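> I would like to see how this sequence folds:
(2 chains)
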Amino acid sequence: MNKIKITFPDGNQKEFEQGITGLKIAEGISKGLAKEALAVEVNGEVWDLNRPINQDASFKILKWSDDGGKDAYWHSSAHLMAEAVEVLFPGAKFGIGPAIENGFYYDLDLGDHSLTKEDLQKIEDKMNELASRDVPFVREEKKWEDAVEFFKKKGDQYKLELLDEFKGQTISLYHHGSFTDLCRGPHLPSTGKIKAIKILSVAGAYWRGNEKNKMMQRIYGITFPNKKELDEYLFRLEEAKRRDHRKLGAEMELFLLTPKVGSGLPLWLPKGTIIRESLIQFLKEEQYKRGYQGVVTPHIANLDLYKTSGHYPYYKDSQFPPIQLESGEAFLLKPMNCPHHHMIYSMKPRSYRDLPIRLAEYGTVYRYEQSGEMNGLTRVRGFTQDDAHIYCAHDQLKAEIKATIELTQLVFRTFGMDVKTRLSYRDDKNTEKYGGEAAFWDQAQREIKEVADDIKLDYFIGIGEASFYGPKVDFMVKDALNRTWQLGTVQVDYVMPERFQLEYIGQDGQKHRPVIIHRAPFGSLERFVGILIEHFAGEFPLWLAPTQAAVLPVSDVFLDYAREVFSALKESGIRVELDDRNEKVGYKIRDWETKKVPFMLVVGEKEKNGGLVSVRQHKKGDQGTVKVEEFRERILENIKARSLTI
RNA sequence: GCUGGUGUAGCUCAGUGGUAGAGCAGCGGUUUCGUAAACCGCAGGUCGUCGGUUCAAGUCCGACCACCAGCUCCA
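Just a heads-up that it's a prediction; the model follows:
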């Protein structure tokens, strides 16, 4: 028998018989490790524990704490679920069933049957039963023709369609119990490793993600090696629901969505407006320091303007239909602010001395989102962009990109938000989606990347995520339910200057084309506030809190003093409310705690005599008494600093 | 847009074909109170909308609207 050399993660090497399995190696190290092992990484590929290793290899044992281990665990769980479905619904056809970030899903075709909650419970019960039988997952390699034969016999057209792509290759199948699936692997050694099972939901999903294809039923589930972890996960899900901005927005009276106004058209209530305006004020100050100039443009514009920009044909489907006048003129509700700003740029000859010109507007735009797409404040049909366009000479471009990325980062830092940054490139295989010359694109993508590397930006690249006129830097954040939303964006545009014939006179006396940067650090104020609500769970930092403090007299007897305190704070611009209701202080405290107001100021005999307030902080309780003046100065300072903590 | 689910008072929810209910919030009164819910009373509804079945519909059927989950899309 030949020997092979195995290299462990710590660099140690050891010889084994050829054909040894990962599990055997693990057992050789320790029993405990063998028990915890879920899969192995062999030369960078994740393999089954039982798969024989036939040549020298680097080797790592994957446990639950490794991503690769979780993948194998959840992927195997998906197979277990498929087995349960096949037992309960004979003749079920299977699509794909991968592991995902949190758990797994499997796409099914059950003919006419729609799965109910009861069905999901039955599937979960059956999975528990099948898992407890602890049967092994067995890998089998077949010739392509034999695999096709197998699934033909089974009548699984989806698997046959998948097989089409692997023509001529060796195909791996996995068996466990009565179930066999087309699968690359890897899998757990046996079903018994799967201990705690929860089927979460069922939803429709198009076969292969194409809306022209049949809609299948997708079952989502998650599993864990023990019940405690499952319970913790389910608890976190509940917590996330408590943070949901739609729920908090209604409870805290921040915004209103009503079909009487229209789907996806939020109304900002007084308290939500305070948050929105605080954000605008913050960004205005930062932009003023950076040489931006404010402009204001109307909500509709001549349709021809959008034909010039090229937006009209490209995005016809996601615009509200034009407003057609009898004269033949047509107007479009503006889907974006750029063309208006280009008009302002081109109103007179521009000199290189004027550049860069930075035009900023909180511009409300309207887009016809598909009816199933609306989602609280994060996906709406009318929203306000913190938009700006920077017109600069080419030799100024990189400095301007850098400055806009840094401004965007300052914004997210101010809120303590964890963002992921994507360089969004065009897809070279699908060029009809994009405008402009290929050379411009290559140049713009190169320039963005150079700046990103210069400032050591932590980014990933998204092919096909560019806008139609240029590549972008996108800033993405996740909401309470783990859905990713794009917030800020910085985009380089060589196309619009051409389309609008934008020019400046250079030092050489000749006409030149400027380059445009489109940028919006918040992206949309609606979406940003939605994400902020969830980010802070409604407990805003003082500078954003709609109500910063409430004055609570202990009884009517101290109303006069309470009014004094209230006025002193109100006159300093602090957002304070007076609770003059005829209620006990315990009741008032409970009420203001549920409203998530940062400070409650209890006043009674003691406070009145000493010119004091008794400070109670949200969630932290009684903080003792201070002079009214001292409290006022302290919180004014905190507000001014836009501090994240109190 | 597609698939599935949901829609009863401001909010959370009960109500399985026979006279629409509870708690909280609101309003009126009593109480004058010290750090998360005092007490008594009152009011509040075209049961999402429209149509159908039935002697009778919140309840059964259909269409539409909105919301929720997911898919597709996203300048």
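> Can you show me the strands along the stretch 351-500 of chain A?
If DSSP state E, counting those that start in this stretch is used as the criterion, the strands of the stretch 351-500 of chain A fall at A:357-366, A:382-392, A:420-425, A:459-463, A:472-478, A:484-493.
> For A:Phe89, which of those is the nearest?
With respect to A:Phe89, and counting by CB to CB, the nearest of the strands of the stretch 351-500 of chain A is strand A:484-493 at 33.1 Å. Just so you know, the C-beta spots here come from the backbone N, C-alpha and C atoms, and that holds for glycine as well.
> ok, that closest one: who's next to it in the sheet?
For strand A:484-493, the paired strands and their directions (DSSP bridges) are strand A:472-478 (antiparallel), strand A:515-520 (antiparallel).
> picking that back up, can you put the strands of the stretch 351-500 of chain A in JSON lines and add mean pLDDT?
Supplementary listing: the strands of the stretch 351-500 of chain A in JSON lines, determined by pLDDT from 0 to 100:
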{"stretch": "strand A:357-366", "mean pLDDT": "96"}
{"stretch": "strand A:382-392", "mean pLDDT": "96"}
{"stretch": "strand A:420-425", "mean pLDDT": "94"}
{"stretch": "strand A:459-463", "mean pLDDT": "92"}
{"stretch": "strand A:472-478", "mean pLDDT": "92"}
{"stretch": "strand A:484-493", "mean pLDDT": "92"}
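> which stretch among the ones you listed comes nearest A:Asp134?
Of all the strands of the stretch 351-500 of chain A, strand A:472-478 sits nearest to A:Asp134, with 36.5 Å by CB to CB.
> Buried ones in that closest one, by neighbour count?
A:Lys472, A:Val473, A:Asp474, A:Phe475, A:Met476, A:Val477, A:Lys478 (16 or more other CB atoms under 10 Å).
> May I see the strands paired with strand A:484-493 organised as CSV, with distance to RNA strand B added?
Converted to CSV, the strands paired with strand A:484-493 look like this (distance: least, CB to the nearest atom of the strand, whole Å):
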stretch, distance to RNA strand B
strand A:472-478, 8
strand A:515-520, 7
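> For A:Asp560, which of the ones you listed is the nearest?
When the strands paired with strand A:484-493 are ranked by proximity to A:Asp560, the top entry is strand A:472-478, at 47.4 Å, counting by CB to CB.
> Quick one: residues in contact with that closest one.
Outside of strand A:472-478, the residues within contact range by CB atoms under 8 Å, 6 or more residues apart in numbering are A:401, A:405, A:408, A:412, A:417-424, A:448, A:452, A:457, A:459, A:462, A:465-466, A:484-492, A:521, A:523, A:531, A:535.
> how about a cut-off of 7 Å?
Taking contacts as CB atoms under 7 Å, 6 or more residues apart in numbering, the residues outside strand A:472-478 that touch it are A:405, A:408, A:412, A:417, A:419-424, A:448, A:452, A:465-466, A:484-491, A:531.
> Next: stretch A:586-594.
With CB under 7 Å, 6+ apart as the test, stretch A:586-594 has contacts from A:Ala550, A:Leu552, A:Asp579, A:Arg581, A:Met600, A:Arg616, A:His618.
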